[in-house]
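> Here is my input, please return the structure:
(chains A, B, C and D)
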There are 2 protein chains.
Amino acid sequence: MPTIKDVATLSGVSISTVSIVLNSKLEERKVAPQTYEKVMNAINILGYQPNMAARRLRSSESNKPTISLYWPLDYRASFLVNILLGIREETKRLNYDCDIVVSAYENDKLSAESGLLSKNKFSAAIIGGTSYKDMEYLENIKPQMPIILFNRNSDKYFTVCNDNDDAAYKAAKLFAVKGHKRAAIITVETPFLAMNIRTKSFISACRELDIEIEDIFIIKSENSYEGGVLAAKKFLTLENRPHALFCDSDFLALGAAHIFNKEGTHIPEDLEIIAIGMLSPDTTEYSTPPITVVSLPSKKMAADCMNIIYNILKNNITEPVHKVHESKLLFRDSCRP
Amino acid sequence: MPTIKDVATLSGVSISTVSIVLNSKLEERKVAPQTYEKVMNAINILGYQPNMAARRLRSSESNKPTISLYWPLDYRASFLVNILLGIREETKRLNYDCDIVVSAYENDKLSAESGLLSKNKFSAAIIGGTSYKDMEYLENIKPQMPIILFNRNSDKYFTVCNDNDDAAYKAAKLFAVKGHKRAAIITVETPFLAMNIRTKSFISACRELDIEIEDIFIIKSENSYEGGVLAAKKFLTLENRPHALFCDSDFLALGAAHIFNKEGTHIPEDLEIIAIGMLSPDTTEYSTPPITVVSLPSKKMAADCMNIIYNILKNNITEPVHKVHESKLLFRDSCRP
DNA sequence: CTGAAAGCGCTTACAG
DNA sequence: CTGAAAGCGCTTACAG
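Down below sits the predicted model:
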C-alpha cells in the first residue's frame, strides 16, 4: 500500500504539501496549480488511498467501539433484519454509540474470516448461523475479542440461545392436545445446527406424547418457499397421510400452504400445520391460511447479545454468561387449541 | 477517553508494561503477579478501552476500505437484505476486500449522522431510503467521501435508480391491456420519495391510458401487512368498486390479499391486483393468490452501487455517474395479460 | 522482570 | 507558496 510519503517522493514535494492537496485546502493555502497537478498525478499513478487508521488516530476522533455481526448471507439472510433491529433497539435503549459491521461469511467457512483473529478490528463480535464445522473451528481458536454466539451452545463463549427443545415440545404438545396420533415433518436436507436440534427434539417429544412419526413422513427439502412447495407436493403423493404437519421453518410452511391451497387440501380441516417462526410474525399472520408458529424471539435475543457486549466493554463481566430465551406459540387458523 | 498512558500513570508502571499485560503475553514475558494486579486494577478504575485506530496503525494491518450503508431501519428494513446480498455478490465477483458497515438512521434524521462529515471513517457510502428532508440536507453539505444514492435523484452525487415512472407505467399499461377503465390504489400515508413518485406516475399513466381513478379510490395506509389489511377493509366498504387494484408495495398487496381471501373477493375474477415488488420475488410468487408485481431490481441496483464505489476507489471515475435500472413485470395469477 | 525509544501514516501549527 | 517537526495511541525490539 503506497503511503503519503510515496506520493511525496514521486511528486517531488513534501508530505505536508501532499496532505494539503489531499484535504482540498487549495484556496485557503494557495497551492500552486502545477504543484497540485504533480501531486494528483502521483496519486493516480500509485493508486494511493489514505490510511483511515492514521487519520483517525491523528484526529483523536471518538474511539467508538466497532461490533461485528458475523452472519451467513444464504437463505438465512432474511433473518438478519430481525437481528439488526434487535441490536439497534438495544443500543438506542442504552444510548450506546457504536458501529455495527456486518461480516458475511460462507457456511462452513468461518475459518476464512481473519477479523476474529485480529486484535485491532473489532471490539466484540456476535456470530450467528454457525455450522458444526464452524463451531469446531471456534472451539479451537483464540479470538482476540469477546464473542457472543447466537443460538449456539459453548462453554468457551458467551451464548444467547433459544430453548430449541422447548420450541419443538410446544409444537408436539399442541398436536397431542388436539388428539393427533400421527404427524409428518418437513425439515431441511443439510443439517444446520439449530434446525437439526429442533427436528430431533420434535421427534422425541412426539414419542413421549404417543404421536407416531413414520420415516416416510419425514420429508427433507431446501429451506425456502420453493423447498416448501416441493416438500408439500411430495407429501401429497403419499398414502394414508397424517393430519398433522410440523414445518421446521416458516419458509417451508408458506411454500407448503401455497400447494395445499392449490390442490384443495383444506387447512386446518384436512391438515393442521405448526411451523417454527424465524421471520417476523406478520409473515405468517397474514398468509392464507394464517399459520400457527412457535415464534423464535430473535429480536430479543439479538438485543440480549448487544446488552452483554455493552457490559463486557464496560468491564462489568468477564466470565462467559449463557442466556436462554423461551419461544412463544402464536395461534393462528392452521392449528388452534 | 483514557489512554494507555493514563493506565501507566495510575498503576505506577511504564506504558510498555501496560501493553504487555494488555496483550496477555504474561507467561512469555514473566510479568510479576502484583504488577499484573496493579495494571488490571487501573484498567478497571479508568474503564480503559484500547484505541483501535492506534493499534491498527501500529500493526500496519491491511488498510481495507470501509463502506457504509446508510439505511433506515423502519418498515424498509426488510428491504435491506436484498441490498446486502447485492453488495456481497459484487464484492465477491470483483474479488474486492472491504468492510461493510450498516449505519441505521432515522427517517428525516440523516443530519444526525456524523459519519458523512468525517474524513476518517468511511471510504465511501451508499445511502438509501432518504426522505425529502434528508435529500435537502444532502444537497447542502459537503461530505468527506464519495456518496452513491440508492433510488434517488441528484446532480451532486452518484445515483443508481429504478425508473419509477416506467415501473408505474408498466402496471397501468397491463390494466389498460386487460380493458380496465377504472382502477383503485393502495399507497402510503407518509409520502416517501420513491413511493410518492410511483403513485403519481401511476395516476398520470392511467390518465394517459384512459383509466379513471376517483379520489375516493386512492386509499392511504401504513406500508406493512397490517396497513394492507386496513386498506383492503376500507376498500370493501366502498360502493361501485373498480375491478383493478394497484398496490404500491408487496407488503400492502399481501395484507390486502389476506382480507380479500377471507371476505370472498375472488382474485382475479372479482378484482385484479398488481403490486410494486420490493421484497424478494418468492414472497409474492407463493402467496395465495400469487401476486403480479413490477419487481424492482434492488439486488442488481445494489451491486451497481458497489461497482461504482470500486471504480471510484480505484481512481477510475471522478465525475458523478447516474445509472437507471428497469424493473420487470412478473406475471402471476392476480393479473395475467 | 521492567522501561526508554522508535515508528506505524497521517495533519496541523509554525517557520521561512 | 512550501517544508520540517511534533504528536495522535499504540506495540515491539532492545537494553538493563
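> Can you say which helix or strand has A:Cys148 in it?
One correction, residue A:148 is Ile, not Cys. Using DSSP states H and E, A:Ile148 sits in strand A:147-150.
> what helices or strands is the helix or strand following that strand leaning on?
Following strand A:147-150 in sequence order, the next helix or strand is strand A:158-162 (DSSP H and E). Secondary-structure packing of strand A:158-162 (3 or more Cβ pairs under 8 Å, 6 or more residues apart in numbering or on different chains; DSSP states H and E): strand A:147-150, helix A:298-313, strand A:322-325. For the C-beta atoms, the positions are set from N, CA and C on the backbone; glycine is no exception.
> Report the backbone C-alpha coordinates of strand A:158-162 in PDB.
The C-alpha trace of strand A:158-162 is given here as PDB (Å, rounded to 0.1, in the frame of the first residue of the first chain):
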ATOM      1  CA  PHE A 158     -20.900 -16.100  25.700                       C
ATOM      2  CA  THR A 159     -24.100 -17.600  24.400                       C
ATOM      3  CA  VAL A 160     -27.700 -16.400  23.800                       C
ATOM      4  CA  CYS A 161     -29.900 -19.300  22.900                       C
ATOM      5  CA  ASN A 162     -33.500 -20.100  22.100                       C
END
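> roughly how far out does that strand sit from the chain middle?
Mean C-alpha position of strand A:158-162 versus that of the full chain (Cα atoms, centre = their mean, to the nearest Å) differs by 13 Å.
> Give the rounded mean pLDDT of whichever helix or strand comes after that strand.
Using DSSP H and E, the helix or strand that follows strand A:158-162 in sequence is helix A:164-177. Mean pLDDT, helix A:164-177: 94.
> for the helix or strand that helix A:164-177 is followed by, packing partners?
Once the chain leaves helix A:164-177, the next helix or strand it forms, by DSSP H and E, is strand A:184-188. Judged by 3+ Cβ pairs under 8 Å, 6+ apart, the packing partners of strand A:184-188 are helix A:193-208, strand A:218-221, helix A:225-237, strand A:244-247, helix A:250-263.
> mind checking which of the helices and strands packed on strand A:158-162 is nearest DNA strand C?
With respect to DNA strand C, and counting by Cβ to the nearest atom of the strand, the nearest of the helices and strands packed on strand A:158-162 is helix A:298-313 at 23.3 Å.
> Tell me if the closest one is near chain B.
Yes: Helix A:298-313 reaches chain B (Cβ under 8 Å from any Cβ of the partner chain) through A:Leu313.
> Not counting the strand holding A:Ile148 itself, show me its contacts.
With contacts defined as Cβ atoms under 8 Å, 6 or more residues apart in numbering or on different chains, strand A:147-150 is touched by A:83, A:116, A:124-130, A:138, A:157-160, A:301-302, A:305, A:308-309.
> Chain neighbours aside, what residue packs nearest to the residue of the stretch 51-200 of chain A found nearest DNA strand D?
Closest to DNA strand D within the stretch 51-200 of chain A is A:Arg58: 3.5 Å, counting by Cβ to the nearest atom of the strand. Of all residues not flanking A:Arg58 in the chain, B:Asn120 sits nearest, at 8.0 Å (Cβ to Cβ, 6 or more residues apart in numbering or on different chains).
> How about A:Ser287?
A:Leu254 (5.7 Å).
> which ones are touching that neighbour?
By Cβ under 8 Å, 6+ apart, A:Leu254 lies in contact with A:225, A:228, A:283-284, A:287, A:291, B:286-287.
> ok, 7 Å please
Each residue near A:Leu254 by Cβ atoms under 7 Å, 6 or more residues apart in numbering or on different chains is listed here: A:225, A:228, A:287, B:286.
> Of those residues, just the buried ones, PyMOL syntax please.
The following PyMOL line selects those of the contacts of A:Leu254 that are buried, judged by 16 or more other Cβ atoms under 10 Å in any protein chain shown:
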select buried, (chain A and resi 225+228+287) or (chain B and resi 286)
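> on that earlier part again, separation between the residue nearest to A:Arg58 and B:His243?
Separation of B:Asn120 from B:His243 (Cβ to Cβ, to the nearest Å): 58 Å.
> same check, this time on A:Ile100
With distances taken as Cβ to Cβ, A:Ile100 is found 47 Å from B:His243.
> quick one, which of these two is more surrounded?
Between A:Ile100 and B:His243, counted using other Cβ atoms under 10 Å in any protein chain shown, A:Ile100 has the larger neighbour count: 20 against 17.
> so how far is the first residue of stretch A:125-132 from its last?
19 Å (Cα to Cα, to the nearest Å).
> closest one to B:Lys92 among the helices and strands packed on strand A:158-162?
For those, proximity to B:Lys92 was assessed by Cβ to Cβ; strand A:147-150 is nearest, at 23.5 Å.
> Within its sheet, name the partner strands of the closest one and how each one runs.
Applying DSSP bridges, strand A:147-150 is found paired with strand A:124-128 (parallel), strand A:158-162 (parallel).
> okay, the ones you listed, which one's buried deepest?
Mean neighbour count (mean count of other Cβ atoms under 10 Å in any protein chain shown) peaks for strand A:124-128 among the strands paired with strand A:147-150, with a mean of 25.
> Name the nearest of the contacts of A:Leu254 relative to DNA strand D.
For the contacts of A:Leu254, the nearest to DNA strand D is A:Tyr225 (48.1 Å; Cβ to the nearest atom of the strand).
> Tell me the pLDDT of the residue in the stretch 151-300 of chain A positioned nearest to DNA strand C.
Of all residues in the stretch 151-300 of chain A, A:Lys156 sits closest to DNA strand C, at 27.8 Å by Cβ to the nearest atom of the strand. Confidence at A:Lys156, expressed as pLDDT, is 94.
> Could you check how far it is from A:Glu136?
As judged by Cβ to Cβ, A:Lys156 and A:Glu136 stand 12 Å apart.
> same thing with A:Asp166?
Taking Cβ to Cβ, one finds A:Asp166 at 26 Å from A:Glu136.
> neighbour count winner among the two?
Using other Cβ under 10 Å, the more surrounded residue of A:Asp166 and A:Glu136 is A:Asp166, with 17 against 12.
> For that one, list the residues it contacts.
Taking Cβ under 7 Å, 6+ apart, we find A:Asp166 in contact with A:326-327.
> Let me see the contact set for the residue nearest to A:Asp270 when sequence neighbours are not counted.
Distance criterion Cβ to Cβ, 6+ apart; nearest residue to A:Asp270, sequence neighbours excluded, is A:His243 at 6.8 Å. By Cβ under 7 Å, 6+ apart, the contact set of A:His243 is A:180, A:270-272.
> can you name the two of those residues that are farthest apart?
Farthest-apart pair in the contacts of A:His243 is A:His180 and A:Asp270; separation 13.0 Å (Cβ to Cβ).
> Comparing the two, which residue is more hemmed in?
The neighbour comparison of A:His180 against A:Asp270 (other Cβ under 10 Å) goes to A:His180, with 21 against 11.
> Tell me the backbone dihedrals of A:Ile273, please.
Main-chain dihedrals, A:Ile273, degrees, to the nearest 10: phi -120, psi 140.
> Which positions in the stretch 1-150 of chain A make contact with chain B?
A:1, A:44, A:47, A:49, A:51-57, A:59, A:61, A:63, A:66, A:73, A:77-78, A:80-81, A:84-85, A:88, A:99-102, A:104, A:118-120 (Cβ under 7 Å from any Cβ of the partner chain).
> are any of the residues you listed buried, and which?
Counted by 16+ other Cβ under 10 Å, those give A:49, A:51-57, A:63, A:66, A:73, A:77-78, A:80-81, A:84-85, A:88, A:99-102, A:104, A:118-120 as buried.
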